[in-house]
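> structure of the sequence below:
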Amino acid sequence: MKFNPAVLKFDLALMKFDLAVMKLDLAVMKSNLTVMKFDLAVMKSNLTVMKFDLAVMKFNMALMKYNPFVIRFDLAVTRFTLEWCVKSCVIDLAFGGDEIR
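As a prediction, this is how the structure comes out:
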């Protein structure tokens, strides 16, 4: 069997072209992998931010849940403080104090 040198040269050129295309495909795949790694890092970062936002929302919901208690406590403290001030002033005046605290 005789081989035609022109056909062999053409086949060799095609194989070199195929190799170049495969190298280009490999480079594109590596680039895509790098992009996917970056996308994954961004998604992890976004997940962390979403977890933080969820924690803040849960904290705010807890504050809203206990807000009436806090308001009642603040009112009780304010009432106690006012009553103490009035009693202190009355006692001071009763014992001849000339200045009101």
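
> just how off-centre is stretch 56-65 within its chain?
How far stretch 56-65 lies from its chain's middle: 17 Å, per C-alpha atoms, centre = their mean, to the nearest Å.

> pLDDT (mean, whole number) over it?
Across stretch 56-65, the average pLDDT comes to 85.

> for residue 4, phi and psi?
phi -80, psi 120 (degrees, to the nearest 10).

> what pLDDT is listed against it?
89.

> and residue 89, by the same measure?
Residue 89 is given a pLDDT of 75.

> could you do residue 52 as well?
pLDDT at residue 52 comes out at 90.

> what about it, helix or strand, and which?
helix 5-94 (DSSP states H and E).

> where does pLDDT dip in this structure?
1, 93, 96-101 (pLDDT under 70).

> mind running it again at 50?
Across the chain, the ranges flagged by pLDDT under 50 are 101.

> need the residue closest to the centroid of this structure.
residue 49 (1.0 Å; C-alpha atoms, centre = their mean).

> what about that residue, distance to residue 65?
25 Å (C-beta to C-beta, to the nearest Å). From N, CA and C alone the C-beta is placed, and that goes for glycine too.

> and the helix holding residue 52, how far from the chain's centre?
Distance, centroid of helix 5-94 to centroid of chain: 2 Å (C-alpha atoms, centre = their mean).

> could you report the neighbour count for residue 92?
14 (other C-beta atoms under 10 Å).

> residue 89 too?
Around residue 89 there are 14 residues (other C-beta under 10 Å).

> can you classify residue 3 by secondary structure?
coil (DSSP: H, G, I helix; E, B strand; the rest coil).

> OK, contacts around it?
Contact criterion C-beta atoms under 8 Å, 6 or more residues apart in numbering gives no residues in contact with residue 3.

> next one: residue 35 relative to residue 46, how far apart?
Counting by C-beta to C-beta - residue 35 and residue 46 are separated by 16 Å.
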